[in-house]
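> any chance you can model this:
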Amino acid sequence: MKYPAMSPFEIRSFARGSAKSFLSARPILLRSTDTWRLRLAMMLSVLLFLVLGAQAQTNVVTQHNDISRTGQNNNETILTPSNVNSNTFGKLFSYQIDSQAYTQPLYVAGVTMGSGTVQAGTTHNVVFVATEHDSVYAFDADSNGGSNASPLWKITLLDSAHGAGSGATTVPSGDLGTDDIDPEIGITATPVIDTNTNTIYVVGKTKESGNYFQRLHALDITTGAEKSGSPVTLSAQVTGNGNGSSGGVLRWDAKLENNRPGLLLLNGTVYIAFAAHGDQGPYHGWILAYNAKSLQQTSVFCPTANGAASGIWMSGAGLAADTINSGRLFVATGNGAFNAAPPYSNSMSYGDDLIRLETSTGAMRLAINLPHSTKITSVLTI
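Okay, here's the model as predicted:
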């Protein structure tokens, strides 16, 4: 599956007296996820609103604003079709980044830069951007002038300080036989930020001495440094004889699996979903769950343990969720095997489906809505 061309992210401003807050405009945030992709060597345009008076800033810490992925900013009261026009709304400035950005930029107001950064001790409204070159940037959201012309901090997931081995690189698209993400694959999914702990969670993909890795990183938003216990190398397995299994065990594949959907932080757990690169297999849909504090894996879900494919693509949107019954996840699976029939079990295959995952027990439990408007109310333990 090749992703379509997408528009660059732009930062726009309003005439004095009509602005609200950074990334607060519903017309901007309701753009499809595809519009956040930046082409290699393009300029990152930073969206800015002139904030007058004591108006509250609205943080954007997850893909499409909230865990329901609504794109809403319920604090917005100023924007109208009459004041969003070419005379009062437009690009203010831009920043250069080192590769494509499939991720949605995120924003946190009032971040005090930490020790070792170029502006340590100063406070900024910050936009965070992650690229396919395995880089994460923190930019000042209000100005690129003076000392803000350079990033507040920039880190690479390709160095030893961030868990990579000597000579680590991003993954060349040619290694996967597809140009769906070209020419390199690093960070593809939108990260998620926990402002209570000043942590940004991000997944990076690397190639090291001919081997492939994906790691979950917990970075300090004030410095870009790894938090304690970070990063962790992703891995998973389930019992099954599905495509690519061996000895009755199906293992998650760091090379083939594509972390396209945005990360979800729900009730202290980070959820990470996967599909494929251009349908290159053998691949499966997966969701891996990790404790946000310890980074220990807490649960694994694969919709085709005894089948094939059924990737969780979401077109780059984050895994959707609510807080009913201590948290429920809502995901769509792609093309793949489907053979579910009563009595339902986790050994069956759930391709081309809409799935609800219950999390109240700490592990993911599956409740499923079948295709063709057939509904099932059974709940399966994963």
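
> which pLDDT value belongs to the residue lying closest to Asp322 once chain neighbours are set aside?
In space, and not counting its chain neighbours, Asp322 is closest to Arg328: 5.5 Å by Cβ to Cβ, 6 or more residues apart in numbering. Yep, even glycine has a C-beta here, placed from its N, CA and C like the rest. Predicted confidence (pLDDT) for Arg328: 94.

> quick one: contacts for Arg328?
Arg328 sits next to 321-322, 356-359 when contact means Cβ atoms under 8 Å, 6 or more residues apart in numbering.

> Ser86 and His64, how far apart?
Between Ser86 and His64 the distance is 26 Å, computed by Cβ to Cβ, to the nearest Å.

> who has more neighbours out of the two?
His64 (23 against 6; other Cβ atoms under 10 Å).

> any idea how far the more buried one is from Thr178?
26 Å.

> repeat for Gly145
Between Gly145 and Thr178 the distance is 41 Å, computed by Cβ to Cβ.

> cool, Gly318 as well?
Look at Gly318 and Thr178: by Cβ to Cβ, they are 23 Å apart.

> who touches Pro151 in this structure?
Neighbours of Pro151 in contact, by Cβ under 8 Å, 6+ apart: 95, 137-139.

> neighbours of the residue nearest to it when sequence neighbours are not counted, just the number please.
The spatially closest residue to Pro151, leaving aside those adjacent along the chain, is Tyr137, at 4.9 Å (Cβ to Cβ, 6+ apart). Look at Tyr137: counted by other Cβ under 10 Å, it has 23 neighbours.

> average pLDDT across whichever strand or helix holds Tyr137?
Assigned by DSSP states H and E, Tyr137 belongs to strand 135-140. Confidence for strand 135-140, expressed as mean pLDDT, is 98.

> give me the helices and strands touching that strand, please.
On a contact count with 3 or more Cβ pairs under 8 Å, 6 or more residues apart in numbering; DSSP states H and E, strand 135-140 meets strand 43-46, strand 123-130, strand 153-156.

> and if we set it to 7 Å?
The contact analysis (3 or more Cβ pairs under 7 Å, 6 or more residues apart in numbering; DSSP states H and E) places strand 135-140 against strand 123-130, strand 153-156.

> if we look at it, which residues are touching it?
The contact list for strand 135-140, computed with Cβ atoms under 7 Å, 6 or more residues apart in numbering, reads 46, 95, 97-98, 124, 126-130, 148, 151-156, 202, 219, 224.

> quickly list what the closest residue to Asn59 other than its chain neighbours is bridged to.
Closest residue to Asn59 apart from its sequence neighbours, by Cβ to Cβ, 6+ apart: Val108 at 5.2 Å. Beta-bridge pairing for Val108 (DSSP bridges): Val126.

> my guess is Val108 meets Val127, correct?
No: assessed by Cβ atoms under 7 Å, Val108 is found out of contact with Val127, at 8.5 Å.

> out of the two, which sits in the busier spot?
Val127 (26 against 23).

> that one against Gln104, yeah?
No: taking contacts as Cβ under 7 Å, Val127 lies outside contact range of Gln104: 10.6 Å.

> ok, which stretches of the stretch 201-350 of the chain are helices?
With DSSP state H, counting those that start in this stretch, there are no helices along the stretch 201-350 of the chain.

> can you pull out the low-pLDDT segments for it?
When residues are selected by pLDDT under 70, those of the stretch 201-350 of the chain lie in 343-345.

> one more pass at 90, please.
Scanning the stretch 201-350 of the chain for pLDDT under 90 picks out 325-326, 337-348, 350.

> one step back: in PDB, list the C-alpha atoms belonging to the strand holding Tyr137.
Extracted C-alpha coordinates of strand 135-140, given in PDB (Å, rounded to 0.1, in the frame of the first residue of the first chain):
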ATOM      1  CA  SER A 135      15.200  12.400  14.500                       C
ATOM      2  CA  VAL A 136      13.100  14.200  17.100                       C
ATOM      3  CA  TYR A 137      13.000  18.000  17.200                       C
ATOM      4  CA  ALA A 138      11.800  20.500  19.800                       C
ATOM      5  CA  PHE A 139      11.200  24.000  18.200                       C
ATOM      6  CA  ASP A 140      10.000  27.300  19.600                       C
END
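
> dump the residue contacts of Gly334.
If you count contacts by Cβ under 7 Å, 6+ apart, then Gly334 has 275, 309-311, 313, 352 around it.

> same thing but at 10 Å, please
By Cβ atoms under 10 Å, 6 or more residues apart in numbering, the contact set of Gly334 is 1, 275-276, 279, 285, 303, 309-314, 351-353.
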